[in-house]
Structures are given as structure tokens and as C-alpha cells.
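Visitor: Here is my input, please return the structure:
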Amino acid sequence: MIHINAIGIHNTTPDKQQPDLLRELKSVSGKVYRRSDHFIQLAILGAHMAVNKLSLSDKTAIYLTSGQGNISVFQRLCEQRCLQKFLPKPVDFINLLSNSAGFYVACHLGLRGKNLFLSHLDFPVQMTLLAAQNDLNLGKQKAILVGGVDEWLADQELSRKLLGVDATKTLGEGSNWLLISAEAKGGLGTFDMASKGLDINKLHERVASAAAGTYLAFSTRFSDEEAAAIMAINGGCRRFDYEGSCGYYETLPLYALNSFLTTKEGRLIHLDVKNGRYMLMTVDNTKS
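Guide: Numbers count the residues shown, from 1 in each chain. Predicted structure coming up:
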């Protein structure tokens, strides 16, 4: 069984410009990283909020994911190379590698364990948590700090093109983290990730068999009509609404899990969909 030992949430919906995370990071941790950028600062801030009061083994692993990665530095590099005809600035070139964010997080927290940046076109959060779950079950890791980081860009037109959304969707940014292990030393709940995607029939079977009182949370890929149809399968299920407290970003499923763990008690199944395949994640913080 996978246990959730700590969580961290940094979730905002900027208006006209990116928040000054350097100032915020300094206020909560007392540290400043001169060669970091917004994406890296966002990653550090969320991870710090998750585990700053804990004594972690330095062998704790970091598994980090993002929908688009460090897109602000990518945008700068494109302008430097294609428009200004300059070579990329060395710091920008290094920070372009999104695993640089994981390096900074490890340095900030004093961790020397396995450090991965994972990417997946359709289900970045689910595939990262599945990899972490497998490594814990196989005994390859004892504890893993899993994070999802997506930044907000002032260039909203570019952001919407990259994300494939229209102007009606409000965009946000987030850095959401889970510390998971095989040891029940945090008491925040348990986690389970379905190892395979489901078709619509299997999804209906899973929802129909859910115990009364189970909460369902839907990714923003579901329309209101689709979510309502699934809720109607099992009248004993309740819907967990988290969407009103956040803008859209691709690692939002991690925010949904963490939001539930901090505001509700019980069992939550999070549903996501892409191209007719459904991925399910479950957290449970029921008090015995």
C-alpha cells in the first residue's frame, strides 16, 4: 500500500503578469537562487511547502513532471536565436532542460536520491505517479517526492496555442507535490493508481461498483454533460468540485488530489480521459 506522508500546494491564477516568486520564496525559506527562473522558483516553492517541516532521508527521490516544461525560457531562447540572431545565454540554455528544476529542488531540500523529470503527452501526472508507485512496490525507492509544475505566461495567446484551449478557459499555474512511501508515517491517506487505461464500459463498471459516499473528481477534459452522465451511474457517489479554486494547467490532477486531502474526508476517485481512454487515481483519508 502506498501512503501519503505530506502534501504541498502552490496554486494561483495570475492576472496580467507572473507573480514575483523570488520574493515569496525568500519570505518562506530565507533562500534566494540567483540563476533560477520562474519555473524553477515555482518548483522549489511547492516542494518547500510540502516538506519544509519534515526530516527527510537524503536518499528521498524526486519525480517531477510538467505539461509543457519551462516554456518561458524556451520562448526566450527562440527569440534570442531566431529573431535577435544571438547564441542562447548560458543560464537559459542550462535551464531549458526541465530537469534543472529537479536539481534545484534537490539542492534546496538537501536530497541526493534519484532525480527524474518525466514527460507524457496525454497523462503526465498519472504516468509519473504510476512510475513512482511501481518503484515503491518493487522496493527500488523508500520515499518519493512527486511534483507537478506548470507556469503561467503573460503571452496568453501563445499559452492557449500550446495547451490547445480557447479564450473561454482561464489559465493558472501550480506547483503541487506529494511525498509518498510504503510507510504509514504521515497519516494523510493512501494512494492507488490504476495501472491500465479503461474503456468506457470498464469505466462504467468501476463507477457502478464504488462504495456509497465515494467522491468523484473529473479532469477539465470532461464536459459537464459527460461528468453528469457518469455521476448518474451510481447514485451513492458524490462529486468533488475543485475547479472553482483554480485556473487550467496540465498538472491540475495533482492539485485536485491535494485539495481533497486538505478539505474532505473519505475516498476520492479522480477520472481523466484522452482519446477514449480513461485513467483513474484514488486517494483515501478515511479516519478509522
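Visitor: What residues does the closest residue to T190 other than its chain neighbours make contact with?
Guide: Spatial nearest neighbour of T190, excluding adjacent residues (Cβ to Cβ, 6 or more residues apart in numbering): D284 at 5.0 Å. Glycine gets a C-beta too; all of them are placed from N, C-alpha and C. With contact set as Cβ atoms under 8 Å, 6 or more residues apart in numbering, D284 has these partners: 189-190, 192, 266-268.
Visitor: In a markdown table: those, plus secondary structure and pLDDT.
Guide: As requested, those are exported to a markdown table (DSSP: H, G, I helix; E, B strand; the rest coil; pLDDT from 0 to 100):
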| residue | secondary structure | pLDDT |
| --- | --- | --- |
| G189 | strand | 95 |
| T190 | strand | 96 |
| D192 | strand | 97 |
| G266 | coil | 98 |
| R267 | strand | 98 |
| L268 | strand | 98 |
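Visitor: May I see those organised as CSV, with distance to S36 and neighbour count added?
Guide: Rendered in CSV, the data for these read as follows (distance: Cβ to Cβ, whole Å; neighbours: other Cβ atoms under 10 Å):
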residue, distance to S36, neighbour count
G189, 32, 25
T190, 34, 16
D192, 34, 15
G266, 38, 17
R267, 38, 20
L268, 34, 23
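Visitor: between those, which is closest to Y248?
Guide: For those, the residue nearest Y248 by Cβ to Cβ is L268; the value is 19.9 Å.
Visitor: residues in contact with the closest one?
Guide: By Cβ under 8 Å, 6+ apart, the contact set of L268 is 214-217, 240, 257, 260, 282-284.
Visitor: which two in the contacts of D284 are spaced the farthest apart?
Guide: If you compare every pair in the contacts of D284 using Cβ to Cβ, the most distant one turns out to be D192 and G266, at 14.5 Å.
Visitor: low-confidence ranges in the stretch 51-200 of the chain?
Guide: 74-98, 186 (pLDDT under 70).
Visitor: Would you mark the buried spots in stretch 61-77?
Guide: Residues 61-74, 76-77 are the ones in stretch 61-77 that count as buried (16 or more other Cβ atoms under 10 Å).
Visitor: In PDB, list the C-alpha atoms belonging to it.
Guide: Included here for stretch 61-77 are C-alpha records, laid out as PDB according to Å, rounded to 0.1, in the frame of the first residue of the first chain:
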ATOM      1  CA  ALA A  61      13.800  10.500  -4.700                       C
ATOM      2  CA  ILE A  62      12.300  13.300  -6.700                       C
ATOM      3  CA  TYR A  63      10.000  12.600  -9.600                       C
ATOM      4  CA  LEU A  64       8.900  15.800 -11.300                       C
ATOM      5  CA  THR A  65       6.600  16.300 -14.300                       C
ATOM      6  CA  SER A  66       5.000  19.200 -16.200                       C
ATOM      7  CA  GLY A  67       2.600  19.600 -19.100                       C
ATOM      8  CA  GLN A  68       4.900  21.900 -21.100                       C
ATOM      9  CA  GLY A  69       8.000  22.300 -19.100                       C
ATOM     10  CA  ASN A  70      10.000  25.500 -18.800                       C
ATOM     11  CA  ILE A  71       8.200  27.300 -21.600                       C
ATOM     12  CA  SER A  72       9.200  30.800 -20.700                       C
ATOM     13  CA  VAL A  73      12.900  30.000 -21.100                       C
ATOM     14  CA  PHE A  74      12.100  28.200 -24.300                       C
ATOM     15  CA  GLN A  75      10.300  31.300 -25.600                       C
ATOM     16  CA  ARG A  76      13.400  33.400 -24.700                       C
ATOM     17  CA  LEU A  77      15.700  31.100 -26.500                       C
END
